[in-house]
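> I'll drop the sequence and a predicted model, then ask my questions.
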There are 2 protein chains.
Amino acid sequence: MRQDSRLSGVLHVLLHMAEVNGPVTSEALARAMHTNPVVIRRIMAGLRDQDFLRSDKGHGGGWRIACDFETLTLLDVYKALGAPALLAMGNRTEAPNCLVEQAVNAAMNDALFAAEAVLLTRFGQVTLAALSADFHARSKQRGNHCAFEKADASEGNKMASDARC
Amino acid sequence: MRQDSRLSGVLHVLLHMAEVNGPVTSEALARAMHTNPVVIRRIMAGLRDQDFLRSDKGHGGGWRIACDFETLTLLDVYKALGAPALLAMGNRTEAPNCLVEQAVNAAMNDALFAAEAVLLTRFGQVTLAALSADFHARSKQRGNHCAFEKADASEGNKMASDARC
DNA sequence: TTTTATCGTAACTTTATATGTTACGTGATG
DNA sequence: CATCACGTAACATATAAAGTTACGATAAAA
């Protein structure tokens, strides 16, 4: 199977949104991410359900951040996505009768759970604020970045919806 | 993607083979594993190329172990499989221009690489002998196990090919 | 030498899942 | 009431593992 890039994608969206005043539509986000509005809505739905985001219908609607970047971590975002599988490998059979397979599973699970734990721990240690700060540091160093962040949707600025990333 | 169970599968095969005198055919292994002989040959091919296993064609042919269980680790087996992807998550884009995405990737990669390293380290710490010993311990504790291990292929014993697991 | 057993491998099918797309319903704004 | 924007079902596409079929090559046995 292809690798799951939803966490990566939703983080990208969140950081962009943090740079914009006012709501951003799924369509504008989709253009920036080179994807489809429905994909955007799909990966954002869980975060809305957790009240990390807010979405409004109709004229002037779109997505807004409704969480505190200082406290929200990648782990929270990951969980809001529905905590999809982290590992690409697994056991052939979960509760096998065969003692050989039980021994194999035990050894594999030790390693797999340890790796999962590391991943989740790390996710829990990175706040969205830290990510955003890293972005700003990179931005300062390079001196420029894509148009998206400069847009101000609240003033009807069309850059937001036209921005590429 | 479904989860990749090749490592789990090939370990299962190896441990079973260790209990049998003489060669075991792909067909017998496939029956024990409830799968297809071609699948068996597929997951074993890499180990043969590394001289961890030997396969012989024709009458009396089949698979034999050609490695030292005391020194071979899960990591060696994993590598012989072609070192397939360990993680189910990844970055949307590998070398993005967007600074936001660069920041996201950096944070994700930190966590992802750390998890991979843990997994590979653990794999490197488990020998096939340790796995086999664990199986024997379980076997002793339970007092019985599936018919496969008791078979002796070298004496034309049909149990090996008929065994279920 | 012919038959049989067995692997090697290509090609195809099946299945699962993420991603992409279309269509249409709902609600909010002007 | 026209338009904008989300919500979501349904369908299409892409990718990769697993399963299957077919056939060629090789080695032992009859």
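Good, I have the coordinates. These numbers were taken from a predicted model, which means no experiment stands behind them.
> What is the neighbour count of residue A:35?
Neighbourhood size, residue A:35 [other C-beta atoms under 10 Å in any protein chain shown]: 14. Placement of C-beta: from N, CA and C, glycine included.
> correction: residue A:84
Neighbour number of residue A:84 under other C-beta under 10 Å is 11.
> who touches the nearest residue to it once chain neighbours are set aside in this structure?
Using C-beta to C-beta, 6 or more residues apart in numbering or on different chains and skipping residues adjacent in sequence, the residue nearest residue A:84 is residue A:4, 5.6 Å away. Residues near residue A:4 by C-beta atoms under 8 Å, 6 or more residues apart in numbering or on different chains: A:84-85, B:88-90.
> quick check, nearest of these to residue A:45?
residue A:84 (13.6 Å; C-beta to C-beta).
> which SS class is that closest one?
Here residue A:84 is recorded as coil under DSSP: H, G, I helix; E, B strand; the rest coil.
> Do a quick rundown of the helices in chain A.
With DSSP state H, the ranges of helices along chain A come out as A:6-18, A:26-33, A:37-49, A:74-80, A:99-125, A:128-142, A:159-162.
> elements contacting the second one?
In other words, helix A:26-33. Counting contacts by 3 or more C-beta pairs under 8 Å, 6 or more residues apart in numbering or on different chains; DSSP states H and E, helix A:26-33 packs against helix A:6-18, helix A:37-49, strand A:62-65, helix A:159-162.
> and the second one, which residues are buried?
Buried residues in helix A:37-49, counted by 16 or more other C-beta atoms under 10 Å in any protein chain shown: A:40, A:43-44, A:46-47.
> try stretch A:59-75
Using 16+ other C-beta under 10 Å as the test for burial, stretch A:59-75 gives A:62-65, A:67, A:69, A:72-75.
> just stretch A:102-114 next, same as before
Buried positions in stretch A:102-114, judged by neighbour count with 16+ other C-beta under 10 Å: A:102-105, A:107-108, A:111-112.
> Next, see if that stretch gets close to DNA strand D.
No: under the criterion of C-beta under 7 Å from any atom of the strand, stretch A:102-114 makes no contact with DNA strand D; the nearest approach is 12.7 Å.
> Contacts (any at all) between chain B and that stretch?
Yes: applying C-beta under 8 Å from any C-beta of the partner chain, one finds stretch A:102-114 touching chain B at A:102-108, A:110-112, A:114.
> So what touches that stretch?
By C-beta under 8 Å, 6+ apart, stretch A:102-114 touches A:87, A:89-91, A:93-94, A:96, B:7-8, B:11-12, B:15, B:74, B:118-119, B:122-123, B:126, B:130-132, B:134-135, B:138.
> Going by distance to DNA strand C, which of the buried residues of stretch A:102-114 wins?
residue A:112 (16.6 Å; C-beta to the nearest atom of the strand).
> distance of the closest one from residue B:119?
Here the criterion is C-beta to C-beta, to the nearest Å. By it, residue A:112 lies 7 Å from residue B:119.
> Identify the contacts common to those two.
Joint contacts of residue A:112 and residue B:119 (C-beta under 8 Å, 6+ apart) are residue A:87.
> ok, residue A:75 touching residue A:123?
Yes: judged on C-beta atoms under 8 Å, residue A:75 makes contact with residue A:123 at a distance of 4.0 Å.
> hang on, the earlier thing: which among the contacts of stretch A:102-114 count as buried?
Of those, these count as buried by 16+ other C-beta under 10 Å: A:87, A:89-91, A:93, A:96, B:7-8, B:11-12, B:15, B:74, B:118-119, B:122-123, B:126, B:130-132, B:134-135.
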